[in-house]
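Q: Prediction below, plus the sequence it came from.
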Number of protein chains: 2
Amino acid sequence: MNKPGKQVLVALRQMIGSGELAAGSRVAEIPTSEMLGVSRMPVRMALRTLEQEGLLVKVGVRGYTVRSVTLENIIEAVEVRGVLEGLAAQRAAERGLDADTENALRDCLVNGDAIFAKGFLLEADLAAYEDLNIRFHEAVLRVGGNSAIRDALARNDHLPFASVKALAADKSRLDREYRRLNFAHMQHHAIVDALLRRQGVRAEALMREHANATLAYTDILQNAQG
Amino acid sequence: MNKPGKQVLVALRQMIGSGELAAGSRVAEIPTSEMLGVSRMPVRMALRTLEQEGLLVKVGVRGYTVRSVTLENIIEAVEVRGVLEGLAAQRAAERGLDADTENALRDCLVNGDAIFAKGFLLEADLAAYEDLNIRFHEAVLRVGGNSAIRDALARNDHLPFASVKALAADKSRLDREYRRLNFAHMQHHAIVDALLRRQGVRAEALMREHANATLAYTDILQNAQG
DNA sequence: ATTTTTTAAATTGGATCCAATATTGAATAG
DNA sequence: CTATTCAATATTGGATCCAATTTAAAAAAT
């Protein structure tokens, strides 16, 4: 069972994310539909969705262009993620952790400690850290989040490189990544400590600062320059 | 030449906001298109857009229902607006005000002072205050905002009652509104003071708290109960 | 009488066709 | 040779038609 609508959406998202559709290039209905072998309808739907997500910008009355994402845009989006996750952390601290979430967070800390105790990073560690990092942020959001926070974060994360899931680790510089990710992991420790002690403003400040861990090496991000 | 697409969108938004389309009720393509006298296409587009905006929720594979907005949802959205506008205020304070924005903010303060100096409110004052309130928040966002903040705010404000534009003043209780809006206006004074003194964290805290001024009388909001 | 199966109706997603509009290019006039 | 106007083409938005799927209702069997 083919679902052209869904397929067009993921195909275009992937093309934009990978740069196959360059920033600033025009995206018209007819060429896109021919390229993907579907009719104009699913393409039209996908374009409206991608515009809502902020990946495309409507240019006058004549179709869309791929949004140029500047380094500044990414920094701004990370800053916004910081205040939103900071709010979630504050709420989580004030509300207190349930047993499941506390266990999930402790598990993230133990996993990370095992990775960094070696004193160096292997390539496989990057994927493991990325996984535990996502679990960590999801756990905080599960307790401290609400629908408004989740909506705002989901929308904000549509921007490439701004999401928690986009650590953009540099596999060729594992020594440098060790220091960066170990620092981020120590922040995780501090955040859990604040959450367990019900220190709301401390948890918020830590989480807000922690967002910047995504951006440590801006040269990695230069390929996002539009 | 009517623009069905735009008209369907505003019509449905208005119907949802006014409660004409009750929370939880199903919104199908064919009945809606017949009701509005257009084809199914603009309706289909509008429904996807309204889903993205969070006013409709997709129910399985069978169409949409109007989102039930609880008082809790509104409180949460206002809290999110608080941190986002707080971030904008902090950035504005750190960056400093340009002359135009400083004049615009001072103008809002003068206008408000003129309204509240009387010691009571007339019905016409409500519209005047609403106008200056919007101008105030737009001015702060003009200096301290960025694309990520603006996007997140625009999306957050789609929820009825959560926006700056939804003060929901109670015209039948002008005495009570006097106290509430005067309080909000005094907060405006404090925020401008913080901005002029370049006190970023103070500006942020004030703006974040100021968001709650939208919610002073929860009984007004009870009709939003889903 | 109840349950299961089959059929019909409703509804969404996709494709094609049609209309309106803007942009570009060509032709003509100054 | 340049500028202006007119026409043609490209492109989006809307309408109608078609297919697939799900739900509900009705009929039949146990």
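A: Cool, got the structure. This structure is a prediction, so every number in the text was calculated from the model and none was measured.

Q: which parts of chain A sit against DNA strand C?
A: Chain A has residues A:3-6, A:38-42, A:45, A:60-62 near DNA strand C, with proximity defined as Cβ under 7 Å from any atom of the strand. (Glycine included, C-beta is placed from N, CA and C.)

Q: Measure how buried A:Lys171 is and give me the count.
A: With neighbours defined by other Cβ atoms under 10 Å in any protein chain shown, the count for A:Lys171 comes to 9.

Q: For it, which residues are in contact?
A: Contacts of A:Lys171 were listed using Cβ atoms under 8 Å, 6 or more residues apart in numbering or on different chains, and they are A:123, A:126, A:177.

Q: Find the nearest non-adjacent residue to A:Glu94, please.
A: Excluding the flanking residues, the one nearest A:Glu94 by Cβ to Cβ, 6 or more residues apart in numbering or on different chains is A:Gly200, at 4.6 Å.

Q: List phi and psi for that neighbour.
A: phi -60, psi -50 (degrees, to the nearest 10).

Q: hmm, back to that, filter the contacts of A:Lys171 by proximity to chain B?
A: Among these, not one lies near chain B by Cβ under 8 Å from any Cβ of the partner chain.

Q: By neighbour count, which of the residues you listed wins?
A: Neighbour-wise, those (other Cβ under 10 Å) top out at A:Glu177, 22 neighbours.

Q: Okay, that residue and DNA strand C: tell me how far apart.
A: 41 Å (Cβ to the nearest atom of the strand, to the nearest Å).

Q: Surely that residue and A:Asp170 touch.
A: Yes - between A:Glu177 and A:Asp170 a contact is recorded at 6.0 Å, counting by Cβ atoms under 8 Å.

Q: Domain boundaries for chain A, per the record?
A: A:4-66, A:71-221 (automatic domain parsing).

Q: Any chance of CSV for the ones you listed, columns mean pLDDT?
A: As requested, these are exported to CSV (pLDDT from 0 to 100):
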stretch, mean pLDDT
domain A:4-66, 93
domain A:71-221, 92
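
Q: which one of the ones you listed is the most hemmed in?
A: Of all these, domain A:71-221 carries the top mean neighbour count, a mean of 19, counting by mean count of other Cβ atoms under 10 Å in any protein chain shown.

Q: Tell me how far that domain lies from the chain's centre.
A: Distance of domain A:71-221 from its chain centroid, counting by Cα atoms, centre = their mean, to the nearest Å, is 10 Å.

Q: how close does the residue positioned nearest the centre of chain A sit to DNA strand D?
A: Geometric centre of chain A, nearest residue: A:Ser163, 1.1 Å, by Cα atoms, centre = their mean. Note on A:Ser163: its distance to DNA strand D, by Cβ to the nearest atom of the strand, is 28 Å.

Q: which residues does that residue contact?
A: Neighbouring residues of A:Ser163 by Cβ under 8 Å, 6+ apart: A:81, A:157.

Q: now A:Val66
A: Taking Cβ under 8 Å, 6+ apart as the test, what A:Val66 contacts is A:16, A:21-25, A:27, A:55-56.

Q: is chain B contacted by stretch A:140-158?
A: Yes - Stretch A:140-158 is in contact with chain B by Cβ under 8 Å from any Cβ, via A:146-149, A:151-152, A:155-156.

Q: Find the nearest non-adjacent residue to the residue of chain A at minimum distance from DNA strand D, please.
A: The minimum distance from chain A to DNA strand D, using Cβ to the nearest atom of the strand, falls at A:Gly63 (2.8 Å). Closest residue in space to A:Gly63, ignoring its immediate chain neighbours: A:Ala28 at 4.8 Å, by Cβ to Cβ, 6+ apart.

Q: How about the backbone phi and psi for that neighbour?
A: Backbone geometry at A:Ala28, expressed as degrees, to the nearest 10, gives phi -100, psi 160.

Q: what's the answer for A:Val164, then?
A: phi -60, psi -30.

Q: repeat for A:Arg26
A: Taking degrees, to the nearest 10 as the convention, A:Arg26 sits at phi -80, psi 140.

Q: do A:Leu56 as well
A: Residue torsions, per degrees, to the nearest 10, at A:Leu56 are phi -120, psi 150.

Q: Report the beta-bridge partners for it.
A: For A:Leu56, the beta-bridge partners under DSSP bridges are A:Val66.

Q: All set, thanks.
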